[in-house]
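Participant: I would like the atomic coordinates for the input below:
(2 chains)
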Amino acid sequence: MIKKIALSAVLLASSLFASGEVNVYSHRHYDTDKKLFKMFEDKTGIKVNVVKAKASALIKRIETEGKKSPADVLITVDAGRLYQAKKEGILQPIHSDYLIKNIPENLRDKDNEWFGVTIRSRVTAYKIGSGMKDKLSTYEDLADPKFKGQLMVRSSNSIYNQSLMAAMIAHHGKEYAIKWAKGVVSNLASSPKGDDTYQVKAIANGIGTVALVNTYYVGKMAGNNDLSQAESVKQIKIFFPKFKNGGTHINISGAAVAKYAPNKENAIKFIEFLTSKEAQKVFAQENFEYPVLKGVENTDIAKAWGTFTPDNISLNELGKYNKDAVIAFDVAGWK
Amino acid sequence: MKKSISKIKISSVFLTLLISTPAIIIFLYLFIGHSDNWQHLKDTLLFTYISNSLYIMIGVAILTGILGFSTAYLTSIYTFKFSKFFHYALILPFAMPTYIVAYIYGGMFNVAGTVTQFVLRVLDKNINEIPFFDIMSIEGAILVMSFVLYPYVYLICKSYLSFESASIIDAAKTFNLSSWQILRKVIIPISRPAIVAGVTLAVMEAVADFGVVDYYGVNTFVTGIFKTWFGMGSINDAAKLASILMTFVFLLIILERIQRKNKVFKSSGKDFKPINKVKLTGFKSFLAFSVCFIPFFFGFLLPFIQMTYWFAITYKDIIDEEFIKILYQTLTLAIISATIITAMALLFVYNIRKNKDKSSSVLTQIVKLGYSIPGAVIAVGILSFFSFLDKYVIDFFTSSYIISGTILAIIFGYCVRFLAIGINNFEAGFSRIPHTYDDAAKMLNVNERRTFFTIFAPLLKNSAFSAFIIVFIEVIKELPLTMILRPFNYDTLAILALELTQQSQFAESSVPSMFILLIGMISVLLLAKNMNKA
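Facilitator: Below you'll find the model as predicted:
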């Protein structure tokens, strides 16, 4: 009897919702996302259900939920976690001509199990008038003693630093990367702490002169209600370093369809929407991220930073070397 | 009578098993093979994790002990300028989310902080030219945590002192002891169980913290657990670290118990008369005022002023229909959880009282362990436990998940995490009730239910109320566990505050934080009022 009631309740529930919803597990936490989800709902009538947490926690949740998992879409703020999710076997290939046509090859998985949605670049910010403009060149060069007592970075717990280090390993191997990290650590103005905002504020206020930051943080600081953030941004400039044998380090926010997604079609529609022109415009204009779709314009603030050539390594490498990156940080004493 | 005793015992055994399952699951990871990561951890950071965590534990224990006890002592025994105000005000920091205070202090006192920069401008100096204490350091983390967590000690000591000290002080006075001698020879020794209970909670809370240490760049067990899990993708090794942390805290509790044996003060229970407070004047009054003002100022007033300013400039952007929904969800979740946890805690402590056996007290120590495990790790244990239930038990009834990813999972998580708070409150409460009462009831052949409702219940009302309120506030502030276990489209005020800070929207995050604070403040005032009645 109980079984019957439960079964009919589930059937009723699924007939009410199943066709019209998509369940999203997201590591992103921005207001722009809320706006985009609303836009998708208005456009398609498909309800977006969201649960947000750290990517590794979401991956673990999908993994433990197994075949019964309600997850349709997994969104992360880096390629490394998507690589990990694929390795855990919780994703499935996405068959979408739109995505394959519009997302550049280096910004998606080779088996089409995940696609980049936005791009972030990790660059240097320097204090105006510090004379650093002429000294900055490559990421490798940041380990040079000429920067002694000048650098500000956040801790190695940051996924953004881990990805940069993974890229360094991909370019030069583990041993070199450890040596590089040791060099950077010996150049620090202060021990690693705070977020990217703190690094910008610190160099603006004379603690060190060069900081490693993601560009979109700087964009968001410029219009922040907390005026000390906006003030700090006025005193710094962005410089796009390159790898010696590559370009400027980039990472993505990416999306994937979960292996047992109950609303697979809606999930694909949802990811296609996130990479549509209208959605890409919101990412670029309101969150200062770089669009993955060609032809979408950046904000004036982002334009003023200048242009850059993205690094040429596959984003898969970031996932492949993430663990090695964490280990390298520990060995080098990068807190 | 025997039957109902065994019922309580059986229930507490069952609940212990249920509550400790997530911890047991985490422990089991200890036996799942070694990986290279583990060797790496041992070679590089394990020692740092241990030493930093110990440093924080010792620092927070000493500071919260001093701040909490001294303020409780002064406001219970003396009257001085604003002493009535402090009675309430000293509890307020408890309503502050620790990580929000850490962000605020960072923004004020770090190298780029507003206060630092202001001082530099006034002095016309460069940062390198003045002795500078960097708040974003391990010592800074200890300070921030202690100023927010000392109310644990204050609350428990205060209710203990107001209840116990009158007759003892009178007795001590007949021996012609000075106030200082009474404090040293009588009040501190008899307050020890209360101080230890409060300090233990504060220390457990500090050692499980993630927000403060992560932002301040301090490596502890918890940052290690997160780094190993999120950075190296190794949940096994993260769970191993968590197991070590748990063992560590368990040993600490046992050591404390062994040491405290035979030293627990037992009330004569003859008379519970109110204290005749001594009036302080002149310099002594000023001194007492200062001792109380410092923790109030740093734990509450200063961060509150900053929050108010930020709130004023951002509330219009944040408060909307969605926000009201989040507020409602947070409140209902906290009320339900606090009710369940208070009831459970009472059951556990009553079981010890009734059965007076070792096993009952061991059960209680086991369930208290949850408080030392980081919320995110408990969440992993719960996920594994519930998906097992869902897969193999519930599967019989339905094809979809009914426990995992529901409110039920979160409430269960809170029980695992916060039962210790409830239990500590009731332990303090029970310790005030003389055992002669139980014996008298037995001799008069009064049945157990009646003994409970006519003797214990009225005497435990205050403990129950403070257990409820403290758990209620903790639930409202809780973050990692709620984040990982929550259902779709389910946010709480704490999560909203965190999301805003992750976007570096510190000013905007003051809006949900302010609501957490206001709800906390109202609860805290009720708590203080209740303590007054006692």
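
Participant: how about the nearest residue to A:K87, chain neighbours excluded?
Facilitator: When the adjacent residues along the chain are set aside, A:K87 lies closest to A:G319, with 7.7 Å between them (Cβ to Cβ, 6 or more residues apart in numbering or on different chains). Heads up, the C-betas are built off the backbone N, CA and C, glycines and all.

Participant: all strands for chain A, in order.
Facilitator: Per DSSP state E, chain A carries strands over the ranges A:21-26, A:47-52, A:73-76, A:91-92, A:114-127, A:151-152, A:210-214, A:236-239, A:250-258, A:290-291.

Participant: between these, which gets nearest to chain B?
Facilitator: strand A:47-52 (3.7 Å; Cβ to the nearest Cβ).

Participant: what packs against that closest one?
Facilitator: strand A:21-26, helix A:31-44 (3 or more Cβ pairs under 8 Å, 6 or more residues apart in numbering or on different chains; DSSP states H and E).

Participant: Show me what the longest one is packed up against.
Facilitator: Read that as helix A:31-44. Using 3+ Cβ pairs under 8 Å, 6+ apart, helix A:31-44 sits against strand A:47-52, helix A:264-274, helix A:277-287.

Participant: List the buried residues of stretch B:457-471.
Facilitator: Of the residues in stretch B:457-471, those buried under the neighbour-count criterion (16 or more other Cβ atoms under 10 Å in any protein chain shown) are B:459-460, B:462-471.

Participant: ok, so of the residues you listed, who is nearest chain A?
Facilitator: B:V471 (23.2 Å).

Participant: Could you tell me how many residues sit around B:M246?
Facilitator: By other Cβ atoms under 10 Å in any protein chain shown, 19 other residues sit near B:M246.

Participant: which residues touch it?
Facilitator: B:M246 makes contacts with B:23, B:26-27, B:369, B:372-373, as judged by Cβ atoms under 8 Å, 6 or more residues apart in numbering or on different chains.

Participant: now the residue most central in space within chain A: how far from chain B?
Facilitator: By Cα atoms, centre = their mean, chain A has its centre lying nearest to A:V77, at 3.3 Å. Distance, A:V77 to chain B, by Cβ to the nearest Cβ, to the nearest Å: 10 Å.

Participant: where does that residue land on pLDDT?
Facilitator: Reading off the confidence values, A:V77 has pLDDT 91.

Participant: Quick check, B:R417 in contact with B:I373.
Facilitator: Yes - contact criterion Cβ atoms under 8 Å: B:R417 and B:I373 qualify, at 7.4 Å.

Participant: Any chance you could list residues touching both of those two?
Facilitator: Here B:R417 and B:I373 share no contacting residue, scored by Cβ under 8 Å, 6+ apart.

Participant: dump the residue contacts of the residue in chain A that chain B sits nearest to.
Facilitator: For chain A and chain B, the shortest gap (Cβ to the nearest Cβ) falls at A:K193, measuring 2.8 Å. Going by Cβ under 8 Å, 6+ apart, A:K193 touches A:154-155, A:335, B:136, B:215-217.

Participant: How about A:K277?
Facilitator: Taking Cβ under 8 Å, 6+ apart, one finds A:293, A:295-296 in contact with A:K277.

Participant: For the closest residue to A:F40 other than its chain neighbours, list the residues it contacts.
Facilitator: Using Cβ to Cβ, 6+ apart and skipping the chain neighbours, the partner closest in space to A:F40 is A:F273 (5.0 Å). Counting by Cβ under 8 Å, 6+ apart, A:F273 touches A:36, A:39-40, A:43-44, A:279.

Participant: Mind doing that once more with 10 Å?
Facilitator: Counting by Cβ atoms under 10 Å, 6 or more residues apart in numbering or on different chains, A:F273 touches A:22, A:36-37, A:39-40, A:43-44, A:46, A:48, A:279.
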